[in-house]
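A.B. asks: my questions concern the predicted model and sequence given below.
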Amino acid sequence: MKASIIRLSALTKRNNRVKVQLLKDFPEFQLYKGQVANVKASLMNNFLHYNNGAKFILKDSDIDQALVTYRTKHVTADTTIPKKVVLQKTKINNQTASLKTEEPKEVPKLKKEKLPQSSINKDVTLDNIKIPGLDI
């Protein structure tokens, strides 16, 4: 009896992705509610589909448009808030910079003091130390 040799390629399993729409946020995978994404089938079965976290999309008509609009509203809201904060910070920095140029403050100079040398092992030198196996 001759043993048959079969080589199975993981390439076929590597390229299989499933189109899903998320019903909950998964920040650890950088996937958010309402987003339509192509993910690996194992990720969908093991994490996303558990407890109604995502749903499979077989046709484009299966996509819930209300969730997509929910996602786009939150994406635009997330991107507009930091810009306003940055503008406020720059305005504040410009005002403080103008105040600094009008009234410069004097910084007192610190005196550098020499630290006393340690009196521990003051008499230890290379001539006094004998290390076995080390010939100097």
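C.D. replies: Here it is on my side, so go on.
A.B. asks: pretty sure residue 42 sits in a strand.
C.D. replies: No. Secondary structure of residue 42 (DSSP: H, G, I helix; E, B strand; the rest coil): helix, not part of a strand.
A.B. asks: any idea how far residue 21 lies from residue 132?
C.D. replies: 74 Å (C-beta to C-beta, to the nearest Å). Heads up, the C-betas are built off the backbone N, CA and C, glycines and all.
A.B. asks: phi first, then psi, for residue 18.
C.D. replies: Note on residue 18: its backbone torsions stand at phi -120, psi 140 [degrees, to the nearest 10].
A.B. asks: ok, it - contacts?
C.D. replies: The contact partners of residue 18, by C-beta atoms under 8 Å, 6 or more residues apart in numbering, come to 38-41, 44, 56.
A.B. asks: of residue 21 and residue 132, which one has the most company?
C.D. replies: Ranked by neighbour count (other C-beta atoms under 10 Å), residue 21 and residue 132 place residue 21 first, with 20 against 4.
A.B. asks: need the contact partners of stretch 65-78.
C.D. replies: Contact with stretch 65-78 is made by 21-23, 32-36, as judged by C-beta under 8 Å, 6+ apart.
A.B. asks: can you tell me which of those is nearest residue 52?
C.D. replies: Within those, distances to residue 52 taken as C-beta to C-beta reach their minimum at residue 23, with 5.8 Å.
A.B. asks: against residue 126, how distant is that closest one?
C.D. replies: From residue 23 to residue 126 the distance is 74 Å (C-beta to C-beta).
A.B. asks: who has more neighbours, these two?
C.D. replies: residue 23 (16 against 7).
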